[in-house]
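Novice: Need coordinates for the following:
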Amino acid sequence: MSTPSTAVVAGTNDFPHFVDGWHDRERDGRCGVVYRAAGPRARLRLTQAPGAGTLWMLLSGPRGLCAAPLAGRVTIGGRAHEVRLDEDLWVVRGFPLGESSPASLEIDLELPDAPCPDDVLRNGDGRRLGWFLAAAWQS
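Specialist: Numbers count the residues shown, from 1 in each chain. Here you go, the predicted model:
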């Protein structure tokens, strides 16, 4: 197993970054973005980039499966950051890294009310879909 780097792109270097709670790679049919959907709770691991102050993520989610906006959180080293998506779009969100962040960043993504496609579409897809992550990097 290789050591995690400071950035990840789904479909390129997913492993060993996508640690727990992730579904297989998928491609957004609207724009071709490769991503992995989290379950209701998932963990990502990166190495802290020297001097980095922000973790950036290219995120989306199963907004079309919900009547309300998606609301959850991203927790980095114990610091929780609320995330809300009102539309079914890919967005870049930045999260501050604390000055005392450990060398290995443990990033938890939570979407407690993660929807199940079969509940809405009756398509046999019983997965619970949390945040969609295409990339994460630091600056």
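Novice: Can you list the buried residues in stretch 24-41?
Specialist: Within stretch 24-41, the residues that count as buried by 16 or more other CB atoms under 10 Å are 33, 35, 36, 37, 38, 39, 40, 41. C-beta: built from backbone N, CA, C; applies to glycine.
Novice: Show which residue of the chain lies farthest from the average position.
Specialist: residue 122 (25.3 Å; CA atoms, centre = their mean).
Novice: Against residue 116, how distant is that residue?
Specialist: To residue 116, residue 122 is 11 Å away according to CB to CB, to the nearest Å.
Novice: all strands of this structure, in order?
Specialist: Using DSSP state E, the strands of the chain run over 8-9, 18-27, 34-47, 54-60, 70-76, 79-85, 91-96, 104-110, 132-138.
Novice: can you list those strands in TSV and add mean pLDDT and distance to residue 126?
Specialist: Shown next, in TSV, are those (pLDDT from 0 to 100; distance: least, CB to CB, whole Å):
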stretch	mean pLDDT	distance to residue 126
strand 8-9	96	27
strand 18-27	96	11
strand 34-47	96	12
strand 54-60	97	21
strand 70-76	96	19
strand 79-85	95	23
strand 91-96	97	27
strand 104-110	94	20
strand 132-138	97	18
